[in-house]
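Enquirer: Generate coordinates for the sequence data below:
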Amino acid sequence: MIKRSKLYIIGISALIILSTYISPSLSIRSYMFIKGHPIVAFSKLEYIGNDKMYGKGYYSEGWEDRLTGSGVSYFYAKRSIIGMYWVSSGSGP
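Expert: Sure thing, here's the model as predicted:
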């Protein structure tokens with residue numbers, strides 16, 4: 001009985017984590033949240049277009065890289081082979 005409940009908890013946790021990488025905007029918001037900016041993760045995220053090399057582009061203000069101290073406002077989400085979106089970020093398009 002205890003093994004079954006642990007399996008349910010692990011399964012539900014895995015589904016929640018994987019579901020955040022199904023859409024590009026959710027993957028960018030979870031990226032911001034994991035990197036230590038939970039408030040900015042729920043701020044306005046503007047779609048700026050699609051790039052063949054980097055993927056779908058988004059713009060957000062108020063996000064700063066903690067290691068370098070520079071502002072990061074452009075995010076790109078590109079779909080991988082397995083269907084999940086991977087995020088890259090930078091200071092300019």
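Enquirer: Can you name the next helix or strand after the one helix or strand Tyr8 maps to?
Expert: Assigned by DSSP states H and E, Tyr8 falls within helix 2-19. Using DSSP H and E, the helix or strand that follows helix 2-19 towards the C-terminus is helix 24-34.
Enquirer: Give me the buried positions along that following helix.
Expert: 24, 27-32 (16 or more other Cβ atoms under 10 Å). C-betas here are computed from N, CA, C, even on glycine.
Enquirer: Check stretch 31-50 too.
Expert: Neighbour-count burial for stretch 31-50 [16+ other Cβ under 10 Å]: 31-32, 35, 37, 40-41, 45.
Enquirer: Now find how far off-centre that stretch is within its chain.
Expert: 7 Å (Cα atoms, centre = their mean, to the nearest Å).
Enquirer: Also stretch 12-32?
Expert: 7 Å.
Enquirer: Check stretch 63-83 too.
Expert: With Cα atoms, centre = their mean, you get 8 Å for stretch 63-83.
Enquirer: same deal with stretch 74-88?
Expert: Distance, centroid of stretch 74-88 to centroid of chain: 8 Å (Cα atoms, centre = their mean).
Enquirer: what's around Gly55, how many residues?
Expert: 19 (other Cβ atoms under 10 Å).
Enquirer: which one of the buried residues of helix 24-34 is nearest Tyr85?
Expert: Ser27 (4.0 Å; Cβ to Cβ).
Enquirer: these two touch, right, the closest one and Tyr85?
Expert: Yes: Ser27 is within contact range of Tyr85, at 4.0 Å (criterion: Cβ atoms under 8 Å).
Enquirer: The closest residue to Pro24 other than its chain neighbours: helix or strand, and which one exactly?
Expert: Excluding its sequence neighbours, the residue lying closest to Pro24 (Cβ to Cβ, 6 or more residues apart in numbering) is Ala77, at 3.6 Å. If you go by DSSP H and E, Ala77 is part of strand 74-79.
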